[in-house]
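S.K.: Okay, predicted coordinates and the sequence, questions at the end:
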Amino acid sequence: MTLKSLYILINSPGEVSGWLKPAAKAICAAVQNINITAVTLPCPYASGMEAENAKRLQGVARAITYKEALKEREYIHKSVLLQLGGDPLFGKLISAYLRAPWLIYTARPKWRRSVSHYFIPGDVAKRRFVAANVDTSRYTVTGDLMLDSVPVRDDCDTDGFRREYKIGVRNILCFMLGSRPFEYGKSLPFFTACADALHKKFPDWQAIFPIAPTVDAKIIKDTALNAGLSIDESMNCITTKSGYKIPLIKTMQYDAISASSLAVAFPGTNNLQITALGVPLLSIAPLNYAHEIPLDGICGLIPLESSFMRAIKKKLVFYMNAKEKFVSLPNRLSDMEIVPERRELMSDESLVSYISEYIKDSNKRKNIADSYKYLNTEKGAAAKIAEYIAEIV
C-alpha cells in the first residue's frame, strides 16, 4: 500500500514516554519518509500534557486530538493505525473512518473482527490468544514495549547524576510523584512529610523526587506553597519546614532511579521501568482519596460534584481493589508478587514504617531485586512492531 500517514493512538503519560517514544523511533528507522501522527485519546488517566510531549519525540511529526483525527479526510485509504493505549473503541472508530488497517498493542484478544494484527507483550498474553483460538498469523509476540524506553542499567551515569545533584551519601531513596495532576498534587506533600521523617531516622539516606516530563510546574509550585513548603524559583529543590532539602530531578531521571537503593511508587508504567533497572521497589496505592482514582469504562464517568456520588465512587474503588490480585505491573505480568504492594488507607506514619523496614534490612531489598529474575526484561518489542509495519507498507 502507499502510506501517507501512520497514526499512533496514545492516552496517558506512561504511554507517551514508555510506548510511543521507542515505537516512533524504531518505526522511523525501519520505514523511510514515514509521517507519524500521535493521536491523544479521551482518558481519565490523561495529564493534559500528552500532546506537547509527544511532539518533542523523535519521529513524531505532529500530535492531534481524537476529534481532529476524525476530520482527516486526505488520509482516508492512505494510512495505518497503531494503537498503543486507550479504549479500543476509539481505535475501532478511527480505523473505520480512515478505512485503515488497525494494529493494536494489547494483552487481550478483543475486537477480532476489526483488528488487522495484534502485538502482544508476552507469554501470559499469548496464553489468552491460544485459548481464544486466534490464528497465529494474526498476532506477534513482541515482548514488553515499555522495556525499550529504559536504558540498560550499565549505561546509566549514576556517578554523573550524583555530581550533577551534589549527592554525597551512599543510599538514595527515590519517591516517584506520579505523572498525572491528581497523583503529584496529592503525593508531593505526602511524600515530603515521609521523607522528612525518614531523614530524621536515617540521616545517611537522601530522598529525591524525579519529575516526569508531563508534570505541570505550576501545580507543583502551588501544591508546595499550599503545604507550607519552600520551593526555589527554578523548581530544583523542595525544602521542608525542618530545613531538609529534597532535590527535584528534572534531568537524568533514569540515572537517578538507577542510583537509588530503594524506590517508592504508585502502580503504573514506572513500576516496570524501575524493575528493569534492577532497583528494589515498594509499590503503594493509598486509598485515602479513592474517589479521585480514575476508573475504566462507564465507572470513570461518575460525576464527583456531590458527596453522594463521591461515596459511590469510593465504594467502587474499594470493591475493585479487593477483587484485584495485584495492581503493580511486574506482579500482574508475572502473576506473582515480584514487588511488595501496599493498598490501603495510609498515613505518613504507616508509610514511614513500611519504608523503614526496607531501609533497615538490606536483605529485604536484595530479595526484591533478586525476584526480578522471574520477569522477562528482554528488549526489542519496538523493533518487532517496526518490522511488521515496514512489511505491510
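M.R.: Good, I have the coordinates. Everything numeric here is computed off the predicted structure, so don't read it as measured data.

S.K.: What are the buried residues along stretch 263-281?
M.R.: By 16 or more other C-beta atoms under 10 Å, the buried positions in stretch 263-281 come out as 263-277, 279-281. All C-beta spots, glycine's among them, are computed from the backbone N, C-alpha and C.

S.K.: roughly how far is that stretch from the heart of the chain?
M.R.: 10 Å (C-alpha atoms, centre = their mean, to the nearest Å).

S.K.: Do me a favour and average the pLDDT over the helix ranked longest in the chain.
M.R.: Counting residues, the longest helix found in the chain (DSSP state H) is helix 181-201. Taken as a whole, helix 181-201 carries a mean pLDDT of 92.

S.K.: Run through who's touching it.
M.R.: 47-48, 173, 175, 177-178, 205-207, 209, 212, 215-216, 219-220, 223-224, 227, 229, 238, 240-242, 244, 246, 264, 266, 286, 288-289, 292-294, 348-349, 351-352, 355-356, 359 (C-beta atoms under 8 Å, 6 or more residues apart in numbering).

S.K.: immediately after it, which helix or strand?
M.R.: The first helix or strand that comes after helix 181-201 along the chain, using DSSP states H and E, is strand 205-210.

S.K.: for whichever helix or strand comes after that following strand, which positions count as buried?
M.R.: Heading C-terminal from strand 205-210, the first helix or strand you meet, by DSSP H and E, is helix 217-226. Judged by neighbour count using 16+ other C-beta under 10 Å, the buried positions of helix 217-226 are 220, 223, 224.

S.K.: Okay, angle between helix 217-226 and strand 205-210 too, please.
M.R.: 140 degrees (axes from the mean of the first three to the mean of the last three C-alpha atoms, to 10 degrees).

S.K.: who does helix 217-226 touch, helix- and strand-wise?
M.R.: helix 181-201, strand 230-231 (3 or more C-beta pairs under 8 Å, 6 or more residues apart in numbering; DSSP states H and E).

S.K.: CSV for the ones you listed, including mean neighbour count and distance to residue 315?
M.R.: CSV is the format used below for those (neighbours: other C-beta atoms under 10 Å; distance: least, C-beta to C-beta, whole Å):
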stretch, mean neighbour count, distance to residue 315
helix 181-201, 20, 19
strand 230-231, 17, 36
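
S.K.: Minimum distance to residue 21: which of these has it?
M.R.: With C-beta to C-beta as the measure, helix 181-201 is the member of the helices and strands packed on helix 217-226 nearest residue 21 (20.0 Å).

S.K.: Alright, that wraps it up for me.
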